[in-house]
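> Sequence first, then the predicted structure:
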Amino acid sequence: ETGVTQTPRHLVMGMTNKKSLKCEQHLGHNAMYWYKQSAKKPLELMFVYNFKEQTENNSVPSRFSPECPNSSHLFLHLHTLQPEDSALYLCASSARTGGYEQYFGPGTRLTVT
Amino acid sequence: GQQVMQIPQYQHVQEGEDFTTYCNSSTTLSNIQWYKQRPGGHPVFLIQLVKSGEVKKQKRLTFQFGEAKKNSSLHITATQTTDVGTYFCAGENSGGSNYKLTFGKGTLLTVNP
């Protein structure tokens, strides 16, 4: 248990569905991250929030929409996804950005049909 | 953009043998972090190296950061079955005001008992 929880753990959705992934950290951190992990690809950074402000959008398609209402919660809203978006989506947090270790949640295994 | 290359992609060893994974960055890094991901799990932080030429040890694990701060290695002495997993290096580039952690593809280590 790393202090970072993610729900749901598994999600199957059709290409026309809208769903949201939720991440919560209980570590008092100020930075939160979304990563995508696909087979045979490195961990891909998607979004970074530092003190609730988005500081990084790594050229992510607009069908992925992040939301960070406070430093403890992070959402990833999904709509009209493609099958190639199927992957493990990992949330992480750190004390702040810049040279701090990241604590990862267990991930949401997403399958787009 | 910044690239972090990691080799080998896979390594299979007999229990008791040594193991090394190498990481090379296309740019000078402010720091490098190492993570371990067990099969079916999520990345877990192992260590961070900051100084040029730095060497850190954790029991059977030895981490090195190159003099030019562009490469790093992780060496495991006398592997055990508990060492199985994927080892990722992640380099942080402090260019500008945004910090971005770029992960290598990882080295999957399997250990034959």
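Received, thanks. Treat the numbers as computed from the prediction; the structure is a model and nothing was measured.
> how about low-confidence regions in chain A?
Counting by pLDDT under 70, chain A shows low-confidence ranges at A:1.
> what residues does it put near chain B?
Residues of chain A found near chain B (Cβ under 8 Å from any Cβ of the partner chain) are A:2, A:40-43, A:45, A:48, A:55-56, A:90, A:92, A:97-99, A:101-107. For the C-beta atoms, the positions are set from N, CA and C on the backbone; glycine is no exception.
> So which of those are in helices?
Taking DSSP state H, every one of the residues of chain A next to chain B sits outside helices.
> Out of these, which end up buried?
Using 16 or more other Cβ atoms under 10 Å in any protein chain shown as the burial test, the residues of chain A next to chain B include A:2, A:42-43, A:45, A:48, A:56, A:90, A:92, A:97-99, A:101-107 as buried.
> if we can go back for a sec, out of the residues of chain A next to chain B, list just those in strands.
Counting by DSSP state E, the residues of chain A next to chain B place A:Leu45, A:Val48, A:Thr55, A:Glu56, A:Leu90, A:Ala92, A:Tyr103, A:Phe104 in strands.
> Quick check: of these, which lies closest to A:Met15?
A:Leu90 (22.4 Å; Cβ to Cβ).
> Please list all residues in contact with the closest one.
Taking Cβ atoms under 8 Å, 6 or more residues apart in numbering or on different chains, we find A:Leu90 in contact with A:Gln6, A:Trp34, A:Tyr35, A:Lys36, A:Gln37, A:Leu43, A:Phe104, A:Gly105, A:Gly107, B:His42, B:Pro43.
> Check the gap between the spatially closest residue to A:Tyr89 that is not a sequence neighbour and chain B for me.
Nearest non-adjacent residue to A:Tyr89, counting by Cβ to Cβ, 6 or more residues apart in numbering or on different chains: A:Thr108, 4.8 Å away. As for A:Thr108, its distance to chain B is 11 Å (criterion: Cβ to the nearest Cβ, to the nearest Å).
> need the contact list for A:Thr108.
Residues near A:Thr108 by Cβ under 8 Å, 6+ apart: A:Gln6, A:Thr7, A:Pro8, A:Arg9, A:His10, A:Leu11, A:Leu21, A:Leu88, A:Tyr89.
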